[in-house]
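>>> Fold the following, please.
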Amino acid sequence: MDVKKLIEDVISHLAENDSLSVVVPKLQVISKLLKNEKLQLWIESEFIYGYKDNQDIPDYRKIFVSNVKASFLLHQGFGKMMQYTNWDVPISNLGMDHYREFMNLEVKQTVFAVERILDENEGNIHLSLTAYEKLLVQQKILDNCEISNIYKVVSRTYFLDIVSTTKAKLLDLFLELNESIFNNEINFNVMEKKEKISQIVNHTINTGVYVADGSTANIQNSNVVGGSQNEVHLSEEFKDQVLALAEKIEELAKDVETDREDIAFEISKIKLGLQKDESPKLIKSAFNAIKGIASSIAANEITEVINNSLPNINF
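Below is the predicted model of the structure:
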């Protein structure tokens, strides 16, 4: 079977923004023919089965809950009741450990399930609490209340980023394979290319970029330096530019009330991404997430700063 032709077909479908369901059968065939277990596991996790509880979850699938809202009746004694609708539940009252459990989520569903969630929700995403979480809120916060509805609110941007990042990683991977491995080759022995295929798979899925040892490359106009053992490092100039913008946003966020925690979370993702030499695209997605989060008048200034600064940074 012509693996190169299958890869070119997938690239064409992705470039045309076709439904991912069209490419999944071809992805399964490609991953098996390339004989790369990591690629096969990633494709199965993203597109077929979802991620299992014991699997490492990619950073782009780790999201932050904006807040928890509840509708309930508060018993005031003597037969009196007060009704509350979409009330912000102060999850921080449960303590920092429980707060982290509530507000940090790992999205383990397939990318198709993520797309379906987006289709079913026009605005931000509403997610149900687990039975344990509901019990905890009932006992510790709304102990004298009849809860009719309670849910977590997650910025729609997170779910859009999961879909776009998955597509981007897949496209980058196959473009690199097509150019580096299968250039002008129709019939080939995959096993002879296995080591190089593994390098490309590892660094594309992990960081979104592949660079040969000891060389430099310009990927999506961002300066990335390849070191020994094909480790990927962001350039110091890039890090300085991104850090300066992040700190400027951090300073402006001090005047923001409702969105401050969400913005702070994205800033922490950006700084962590710089420390871990993550893909520039993932770092840029955090800036875009801040634009999606920002809603108040004070936050508008942050959006303006991002819009003016991003074109000057080579992502």
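>>> Contacts made by the host helix or strand of residue 285 with the rest, please.
Per DSSP states H and E: residue 285 is located in helix 280-293. If you take C-beta atoms under 8 Å, 6 or more residues apart in numbering as the criterion, helix 280-293 is touched by 59-60, 66, 155-158, 161, 164-165, 168, 208-209, 219-220, 222, 224, 234, 238, 242, 245, 249, 259, 262-263, 266-267, 269-270, 273-274, 299, 302-303, 306-307, 310, 315. C-beta here means a position set from N, CA and C on the backbone, and glycine is covered the same way.
>>> Helix or strand next in line after that helix, which one?
Next along from helix 280-293, by DSSP H and E: helix 297-309.
>>> picking that back up, from the contacts of helix 280-293, list the buried ones, please.
Burial by neighbour count, judged by 16 or more other C-beta atoms under 10 Å, picks out 60, 66, 155-158, 161, 165, 168, 208-209, 219, 222, 224, 234, 238, 242, 245, 249, 259, 262-263, 266-267, 269-270, 273-274, 299, 302-303, 306, 315 from those.
>>> If you count contacts, what does the helix or strand where residue 43 lies end up packed against?
Residue 43 belongs to helix 37-43 when assigned by DSSP H and E. Using 3 or more C-beta pairs under 8 Å, 6 or more residues apart in numbering; DSSP states H and E, the elements in contact with helix 37-43 are helix 24-34, helix 194-207.
>>> Mind jotting down where the helices sit in the stretch 101-250 of the chain?
Secondary structure of the stretch 101-250 of the chain by DSSP state H, counting those that start in this stretch: the helices cover 111-120, 131-140, 156-180, 194-207, 236-252.
>>> Tabulate these (JSON lines), appending distance to residue 79.
Formatted as JSON lines, the helices of the stretch 101-250 of the chain follow (distance: least, C-beta to C-beta, whole Å):
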{"stretch": "helix 111-120", "distance to residue 79": "39"}
{"stretch": "helix 131-140", "distance to residue 79": "21"}
{"stretch": "helix 156-180", "distance to residue 79": "42"}
{"stretch": "helix 194-207", "distance to residue 79": "61"}
{"stretch": "helix 236-252", "distance to residue 79": "50"}
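>>> in the strand of greatest length in the chain, what's buried?
For the chain, the strand with the greatest residue count under DSSP state E is strand 62-77. Neighbour counts over strand 62-77 (16+ other C-beta under 10 Å) mark 63-72 as buried.
>>> now stretch 282-302
Residues of stretch 282-302 classed as buried: 282-294, 298-299, 301-302 (neighbour count, 16+ other C-beta under 10 Å).
>>> what's the spacing between the nearest residue to residue 137 once chain neighbours are set aside and residue 162?
Computed as C-beta to C-beta, 6 or more residues apart in numbering, the closest residue to residue 137 that is not its neighbour in sequence is residue 89, at 6.2 Å. For residue 89, the distance to residue 162 equals 25 Å [C-beta to C-beta, to the nearest Å].
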